[in-house]
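Engineer: Whatever this is, show me its structure:
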Amino acid sequence: MNVEPNDLLLFARVVDEGSFTRAAARLGLPKSTVSRRVAALEMQLGERLLLRTTRKLTVTDFGLAVLEHAHHVVEDVAAAAALAQNRQQEPSGRLRVTMPSDMASIVLAPLLAAFILRYPAIVLEVDLSARFVDLVGENFDVAIRMGELRDDASLAARRIAIFTGSLYASPAYLARRGTPSEPEALMEHDTLRILGRTGEPMPWMLVRGEQRWEGIPPGRATANSPDLLMRMALEGVGIAVINDHFALPYRKRGELIEVLSDWQMPSVSAWAVFPGRRLMPARTRVFLDALAAKFTGPECQGIEADVKKAKARARRDDVSRETASGTGQVRN
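Structural biologist: Residues are numbered from 1 along each chain as shown. The predicted model follows:
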């Protein structure tokens, strides 16, 4: 026998309110629905629970015995609702997050620390491995992923930021090897290349107005860590594609110089990916909100403005150098 818990709840409410009419009003249901469901419960149990007259509602002996169990169901439902409400008010539990190590160490470390301090009932686990984590199969709550996402109906995603990247090299490298003036000249330089998901170096793509250049320059090193390639560029090893957000403090100090500043590279989206279930745990929700606040807040907005200023200054400097040397013209 499968007794519907909702019918027990309706029965308990009818007894507690003393009438079908008041119970229906309290529950926001038609009286006929409440009466029909209680009658169905009686049919399923095989005995009367209530004796109905036009003026009085009497609970049978069997009904009193069932009422005790029905009240337990009511209490359990109320306890579950209280637990859910408390979890919404005070997020708790283990939060498992996977993200690129560069994103964690360069951008998100302060956010993660602040998040832990703000939500002491949450235990944070962060995976920084380069592998592609199966969120559902490995029971992860959130993944931070860059670029195009795989098509997966079991997952949902929220774009949290758009990053731009440029070509950078150290002053020492440019003094030793010269500065390329056109993308094709990159084929004669030492470059530091990012490893793609296919296991091969990702091609470089540059756009200037209607012009487009794509190629894979000869590499001195290939790695799946943008931070490592940036560190190598700082040491004068070669030219690398570096996130403008990451490179900003080094270019401000003159430790990195933008190369081919009038050519643009495609921007890359950062996504927060999570299991696409209807009921999102409070710990996941507040973490996603913290990510959104981070990238739309004044700190990141200020960095974005500084990047734009630095890139505009680099383009003006390039034009000034070309004009002074007599080898170039102002470009659109």
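Engineer: Report the beta-bridge partners for the residue nearest the centre of the chain.
Structural biologist: Geometric centre of the chain, nearest residue: A272, 1.7 Å, by Cα atoms, centre = their mean. In this structure, A272 bridges to I144, R158 when assessed by DSSP bridges.
Engineer: Just want the phi and psi numbers for A65.
Structural biologist: Geometry field for A65 lists phi and psi as phi -70, psi -40, criterion degrees, to the nearest 10.
Engineer: per-residue confidence for it?
Structural biologist: Here the pLDDT value assigned to A65 is 93.
Engineer: count of residues packed around it?
Structural biologist: Look at A65: counted by other Cβ atoms under 10 Å, it has 13 neighbours. Backbone N, C-alpha and C define where each C-beta goes, glycine included.
Engineer: Next: A143.
Structural biologist: Applying the criterion other Cβ under 10 Å, we find 23 residues in the vicinity of A143.
Engineer: Check F11 too.
Structural biologist: Using other Cβ under 10 Å, F11 is surrounded by 28 other residues.
Engineer: what about R193, is that helix, strand or coil?
Structural biologist: Here R193 is recorded as strand under DSSP: H, G, I helix; E, B strand; the rest coil.
Engineer: Numbering from 14 from now on, please.
Structural biologist: Got it, the first residue is 14 from now on, which makes the last one we talked about R206.
Engineer: Double-check it against N237; I have them as touching.
Structural biologist: No - contact between R206 and N237 fails when scored by Cβ atoms under 8 Å: they sit 10.3 Å apart.
Engineer: show me the contacts for the residue nearest to the centre of the chain.
Structural biologist: Applying Cβ atoms under 8 Å, 6 or more residues apart in numbering, one finds that A285 lies in contact with 155-157, 170-173, 301, 304.
Engineer: got it, and A117?
Structural biologist: Contact criterion Cβ under 8 Å, 6+ apart gives 125, 139, 141 as the residues in contact with A117.
Engineer: got it, and P279?
Structural biologist: 218, 220 are the contacts of P279 under Cβ under 8 Å, 6+ apart.
Engineer: can you pull the pLDDT of it?
Structural biologist: Looking at P279, its pLDDT stands at 89.
Engineer: how close does it get to A52?
Structural biologist: Plainly put, P279 is 66 Å away from A52 if you go by Cβ to Cβ, to the nearest Å.
Engineer: Please check the contacts of A285 and keep the buried ones.
Structural biologist: 155-157, 173, 301, 304 (16 or more other Cβ atoms under 10 Å).
Engineer: Out of those residues, flag the one nearest to F145.
Structural biologist: A156 (8.9 Å; Cβ to Cβ).
Engineer: R206 and N237: who's more crowded?
Structural biologist: R206 (23 against 15).
Engineer: who does the more buried one bridge with?
Structural biologist: The residues that R206 bridges to, once DSSP bridges is applied, are T235.
Engineer: quick revisit: okay, who's weakest in the buried ones among the contacts of A285 by pLDDT?
Structural biologist: I173 (90).
Engineer: so that residue is in which element?
Structural biologist: Following DSSP states H and E, one finds I173 within strand 168-176.
Engineer: Quick one: the helices in this structure, in order.
Structural biologist: Counting by DSSP state H, the segments of the chain that form helices are 18-30, 33-40, 44-58, 74-102, 114-115, 122-131, 184-190, 239-247, 257-265, 295-309, 311-338.
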